[in-house]
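K.L.:
curious how this folds, go ahead:
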Amino acid sequence: MRVPFSPAPGIISDDTDFAEEGLYNDGNNMRPWRGKMQTIGSWQTAFSSTLTGVCRNVLLWTDTAGNAVTAFGTHSKLQVYFAGALSDITPSGLTAGSIDTAGDAPGYGSGSYGMGTYSTPDSIFYARTWSLQTWGQTLLANPRGGTLYQWSNNPAVVAAEITQAPDNITAIVVTPQRQVLALGCNEEGSGTFNPLCIRGCDLEDVADWTTAADNNAFEHILTGAGKIITGRMVGPYVVVWTDTGLYIGQYLGNPGQTYRFDPVAVNCGLVGPNAVWVDGMTCYWVAPDLQWRIWQPGAQPNILECPIRSDFTDNVELAQAAKIVASGIAQYGEVWFYYPDSRDGIENSRYMALSTLISSTTPRAWFRGQIARTAAVDAGVAIYPTAVTYDGIVYSHERGPGSVSWSLSTAYQYIGNAEKVLQIQGMIPDFEDQSGDVSLSMTARREPQQTATSHGPYLFAEGQRKKDFRVSANILALQWSGTGYVRFGKPVFDAKELGRR
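P.N.:
Down below sits the predicted model:
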């Protein structure tokens, strides 16, 4: 008899083995795509130079001459890759920030909001991150808790401070009206840092931050408690996340009220400034309760069901949650979250990822893996997504099939008739574009509570028609692995009934 092997794509691990019967319950670097699982794309160094410092933010854009530019914000430097060279454009006098979050970070369940003084920027608590935006072809850069700088595409000149901007800013957003918004900043009148204060420069004038009856510079204090974490443009809206909730800003354009900001929801804040990804009009983020949220303007945020969440919540290094980085891979309709896993230390070392595509063959599905990246961004104006290691090596991802270490495991499942023991005599593989050997190991039982026996590994070479082996069982868990590319089709067990167990 022939017994096919074809679990649904994605990983489900937050239940018992038999509750997940016939499904994948673990994996590393394997993605769901068009109804099957396949190895993620490989990566190569984008250029030979190494960044100085630990990178937390990346921005890609093109200047008016069509030149590609990449900016990198590290804990100690602001650098750009321009015209085939890496240049240091760190503003004069800017000292290095922290690589790691020091002490208990308020808002993450490990401290209280009252830590420190009300007028002190959050940067003293957190690993340094940056807000990087473009103003036309000009780069605007804001280290969290610092002021605002600009750089005009000349590698020989460092970024310069915009002295009229607030001295302390949590994050920035540039609007379609060419207005810079400082989110969490010094109040105009008192100069006191207010974590819920939003200020905007005048339209088309990044140097004018003085509110007046005849301009659109403005100041607005969000209602509620907490502090701003970051903001994003979502279509025409300015969306602001605090550590406790979500706000939406709508441009009105009147000098007396340039923006209107309204609360959307509470208890759905953001765990860190880079832990949100916007795909068109849809936002995905990690909240302080370690739930994933999804939201579109006009609706309420919803919790994204994640069937592999326990592995994340049990092991994320919560004190370093400000390092979590969300990024997308539009080519596959995916959102990735790199995070610090306590099993590996206090730095980003693993990822959780979601395939957002929903069709008859590809449901929304989660997967995970072990890749250490401190900053990442989708391709955008580039050919490939960009991601950076702790050591400052910049990689181009999704370069196609290549050498990638991967694994994929199933929960226990009955093979054939649950009442009868089968002698599995081999397997007929069905692998597309296989590169290198595929290894199969099996754990077998005749009854659910029986001690399991291990079998294998059995190696399937490229193009191999069949692999012969002998395993007697009616309950199996399978463990696949390899170091090259493979896309699973529908492998088939060749089996024979032996009788009742």
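
K.L.:
alpha carbons only for contacts and neighbour counts from here, please
P.N.:
Will do.

K.L.:
show me the contact partners of stretch 167-176.
P.N.:
121-123, 130-135, 142-148, 180-186, 193, 195, 228-233, 236, 238 (Cα atoms under 8 Å, 6 or more residues apart in numbering).

K.L.:
need the strands for the stretch 1-150 of the chain, in chain order.
P.N.:
Along the stretch 1-150 of the chain, counting by DSSP state E, counting those that start in this stretch, strands occupy 2-4, 24-28, 30-33, 36-39, 44-45, 55-62, 68-74, 78-82, 85-88, 130-135, 138-143, 149-151.

K.L.:
filter the contacts of stretch 167-176 to the buried ones?
P.N.:
For the contacts of stretch 167-176, a burial check counting by 16 or more other Cα atoms under 10 Å picks out 121-123, 130-135, 142-148, 180-186, 193, 195, 228-233, 238.

K.L.:
for the strands of the stretch 1-150 of the chain, which one sits closest to residue 453?
P.N.:
Closest to residue 453 of the strands of the stretch 1-150 of the chain is strand 24-28 (Cα to Cα; 18.8 Å).

K.L.:
could you chop this structure up by domain?
P.N.:
As assigned by automatic domain parsing, the chain contains the domains 2-40+406-500, 44-396.

K.L.:
how long is the last one end to end?
P.N.:
So that's domain 44-396. Using Cα to Cα, to the nearest Å, the end-to-end distance of domain 44-396 comes out at 5 Å.

K.L.:
how far off centre is it?
P.N.:
12 Å (Cα atoms, centre = their mean, to the nearest Å).

K.L.:
now do the contacts for residue 28.
P.N.:
367, 368, 369, 370, 405, 406, 407, 408.

K.L.:
now with 7 Å, please.
P.N.:
By Cα atoms under 7 Å, 6 or more residues apart in numbering, the contact list for residue 28 reads 368, 369, 370, 406, 407, 408.

K.L.:
any idea how many residues pack against the closest residue to it other than its chain neighbours?
P.N.:
Once flanking residues are discounted, residue 28 sits nearest to residue 369: 4.1 Å by Cα to Cα, 6 or more residues apart in numbering. When neighbours are defined as other Cα atoms under 10 Å, residue 369 has 21 of them.

K.L.:
so residue 340 touches residue 348, yeah?
P.N.:
Yes. Under the criterion of Cα atoms under 7 Å, residue 340 makes contact with residue 348 at 3.8 Å.

K.L.:
what does the helix or strand containing residue 368 rub up against?
P.N.:
Using DSSP states H and E, residue 368 maps to strand 365-369. Under the criterion Cα under 7 Å, 6+ apart, residues 9-11, 27-29, 31-32, 306, 350-355 lie in contact with strand 365-369.

K.L.:
same question, stretch 306-318
P.N.:
11, 12, 13, 14, 290, 339, 340, 341, 342, 343, 346, 366.

K.L.:
ok, now with 10 Å
P.N.:
Contacts to stretch 306-318, defined as Cα atoms under 10 Å, 6 or more residues apart in numbering, come from residues 10-15, 25-26, 104-105, 108-110, 271, 288-292, 323-324, 339-348, 350-354, 365-368.

K.L.:
between the two ends of it, how far is it?
P.N.:
Terminal-residue distance, stretch 306-318 (Cα to Cα): 18 Å.

K.L.:
give me the mean pLDDT for that stretch.
P.N.:
Averaging pLDDT along stretch 306-318 yields 96.

K.L.:
try stretch 159-171
P.N.:
pLDDT averaged over stretch 159-171 gives 98.

K.L.:
kindly check the end-to-end length of that stretch for me.
P.N.:
17 Å.

K.L.:
repeat for stretch 179-197
P.N.:
Termini of stretch 179-197 sit 16 Å apart (Cα to Cα).

K.L.:
comparing the domains of the chain, which gets the lowest mean pLDDT score?
P.N.:
Among the domains of the chain, domain 2-40+406-500 scores lowest, at a mean of 88.

K.L.:
which SS state does residue 311 fall under?
P.N.:
helix (DSSP: H, G, I helix; E, B strand; the rest coil).

K.L.:
before we move on, the earlier item: farthest pair within the contacts of residue 28?
P.N.:
Across the contacts of residue 28 (Cα to Cα), the longest gap, 12.9 Å, separates 370 and 408.

K.L.:
hey, what's in contact with both of the two?
P.N.:
With Cα under 10 Å, 6+ apart, residue 370 and residue 408 have common neighbours 27, 28, 29.

K.L.:
so what's the first one up against?
P.N.:
The reference is to residue 27. 10-13, 367-370, 406-410, 479-481.

K.L.:
residue 370 and residue 408: which is more packed in?
P.N.:
residue 408 (21 against 18).

K.L.:
beta-bridge partners for the more buried one, please?
P.N.:
Beta-bridge pairing of residue 408 under DSSP bridges involves residue 27, residue 480.

K.L.:
same check, this time on residue 421
P.N.:
residue 499.

K.L.:
how about the helices in the stretch 51-200 of the chain?
P.N.:
For the stretch 51-200 of the chain, no helices are identified by DSSP state H, counting those that start in this stretch.

K.L.:
can you report how many residues lie near residue 472?
P.N.:
Residue 472: 18 neighbours (other Cα under 10 Å).

K.L.:
buried residues, stretch 292-309. List them.
P.N.:
Neighbour counts using 16+ other Cα under 10 Å place 292, 293, 294, 295, 296, 301, 303, 306, 307, 308, 309 of stretch 292-309 among the buried residues.

K.L.:
in helices only, show me those.
P.N.:
residue 309 (DSSP state H).
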